[in-house]
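Q: Okay, predicted coordinates and the sequence, questions at the end:
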Amino acid sequence: MAQHVAFLGTGIMGAPMAANLIKAGFTATVWNRTLSKTDRLAELGARVATSPVDCVKGADYILSILDSGPVVREVFFKTKAVDAMKNGAVFIDMASIPPKMAQEHAAWLKERGVGHLDAPVSGGSLGAAEGSLAIMAGGERGDFDRTERGGVWKPMGRASYIGPAGSGQIAKLANQIMVACNIASVAQGLLFAAAGGADPAQLPVALAGGHADSRALQEHGRRMINRDFRPGAPIRNFVKDLDTVLAVAQEIRLPDLPVVKAIRDIFKGLYDQGYQLWDHSALLLYLEKLNSPLRLNDKQDTPPKAA
């Protein structure tokens, strides 16, 4: 018998993730605040719920990828959706939220007989569509193994067990440190090549397989070259995550991460200038402005649609 999943948050990331679960044979109920974002999933056979409480009822696994920790708390705890989860279900929170908040949620759900995994992801909208996300899971090992046996991870990507509750969030923050530094280095390298008279569009080809190669170069570098700044991952979420990195660093007695702070300040500057919904590859725009009138190329920018 097909297992029943609930999926809450069907935006840029959640919609393709839920679609891949449905295509893999799971019976799905979905919910999103903006109802139209569930249309494609309804066409695939999902039942569209009227509320979070309605969505989670009867589900073996409850998955969500919401905007932030406060939104997770509002959607699941303030609405009392957690009380509608069946005993023995596993709640898989794939949002990026503070580790302490994930630990609190795990403890509260354990009291209700519900498992909890904090399982944020990396790979952006492309990875979500391809089912190739890197999934970092924290929580009780038994809940992770049960989820793996149930076949929940495979349609979405590759899951790794990191450790106890909150560990998945720590791994995601480490991921964001590396992504931030990588995107900044890619943007600087491409702009440097253009200023020196090389064709920056050839760098991802020329550097493929070398020490400078990365998914950031191949995916985000191409975004910069094509000036296609529709999100993958919007700057507003990246600022949130880098703020969390710096806050958690203080908590764990790691007070000085100067490169992270500098890159966070660049993204915050773009955020304050109205680029909240642009992809984080738009860091290039900061460098171009700093080095005006230098520009990577003469192509027109493709901004995101208004939210």
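A: Everything's here; your move. Numbers count the residues shown, from 1 in each chain.
Q: from the middle of its chain, how far away would the lengthiest helix in the chain be?
A: Determined from DSSP state H, the single longest helix within the chain is helix 167-195. Distance, stretch centre to chain centre, for helix 167-195: 15 Å (C-alpha atoms, centre = their mean, to the nearest Å).
Q: Tell me the buried residues in it?
A: Buried residues in helix 167-195, counted by 16 or more other C-beta atoms under 10 Å: 167-173, 175-177, 179-180, 182-184, 186-187, 189-191, 193-194. Quick note: C-beta positions are derived from backbone N, CA and C, even for glycine.
Q: what about it, average pLDDT?
A: The average pLDDT for helix 167-195 rounds to 97.
Q: by contact count, what packs against the following helix or strand past it?
A: Using DSSP states H and E, the next helix or strand after helix 167-195 towards the C-terminus is helix 203-206. Judged by 3 or more C-beta pairs under 8 Å, 6 or more residues apart in numbering; DSSP states H and E, helix 203-206 is in contact with helix 167-195, helix 221-226.
Q: Next, count neighbours for Gln3.
A: Residues lying near Gln3 (other C-beta atoms under 10 Å) number 15.
Q: what's the closest residue to it other than its chain neighbours in contact with, if anything?
A: Distances taken as C-beta to C-beta, 6 or more residues apart in numbering put Asp60 closest to Gln3, at 4.6 Å, once the chain neighbours are dropped. By C-beta atoms under 8 Å, 6 or more residues apart in numbering, the contact set of Asp60 is 3-5, 86, 89-90, 150.
Q: go again using 7 Å as the cut-off
A: 3-5, 89 (C-beta atoms under 7 Å, 6 or more residues apart in numbering).
Q: okay, it: pLDDT?
A: 97.
Q: Help me confirm that Glu288 comes into contact with Arg295.
A: Yes: counting by C-beta atoms under 7 Å, Glu288 touches Arg295, with 5.3 Å between them.
Q: I'd say Ala19 and Leu44 touch.
A: Yes: shown here, Ala19 and Leu44 form a contact pair, counting by C-beta under 7 Å, at 5.9 Å.
Q: Which one's more surrounded, those two?
A: Taking neighbours as other C-beta under 10 Å, Ala19 and Leu44 compare with Ala19 leading, 23 against 14.
Q: State the distance from the more buried one to Phe192.
A: Note on Ala19: its distance to Phe192, by C-beta to C-beta, to the nearest Å, is 40 Å.
Q: Can you show me the strands along this structure?
A: 4-8, 27-31, 47-48, 61-64, 90-93, 115-118, 121-122, 133-139, 157-163 (DSSP state E).
Q: Distance across stretch 261-281, terminal residue to terminal residue?
A: End-to-end distance for stretch 261-281, by C-alpha to C-alpha, to the nearest Å: 17 Å.
Q: average model confidence for that stretch?
A: Regarding stretch 261-281, the rounded mean pLDDT is 97.
Q: Please list all residues in contact with the closest residue to Asn182 other than its chain neighbours.
A: Spatial nearest neighbour of Asn182, chain neighbours left out: Ala216 (4.0 Å); criterion: C-beta to C-beta, 6+ apart. Contacts for Ala216 (C-beta under 7 Å, 6+ apart) come out as 179, 182-183, 186.
Q: Out of these, which comes closest to Lys305?
A: Distance to Lys305 across these (C-beta to C-beta) is lowest for Ile183, with 22.0 Å.
Q: Touching, that closest one and His220? I think so.
A: Yes: between Ile183 and His220 a contact is recorded at 5.5 Å, counting by C-beta under 7 Å.
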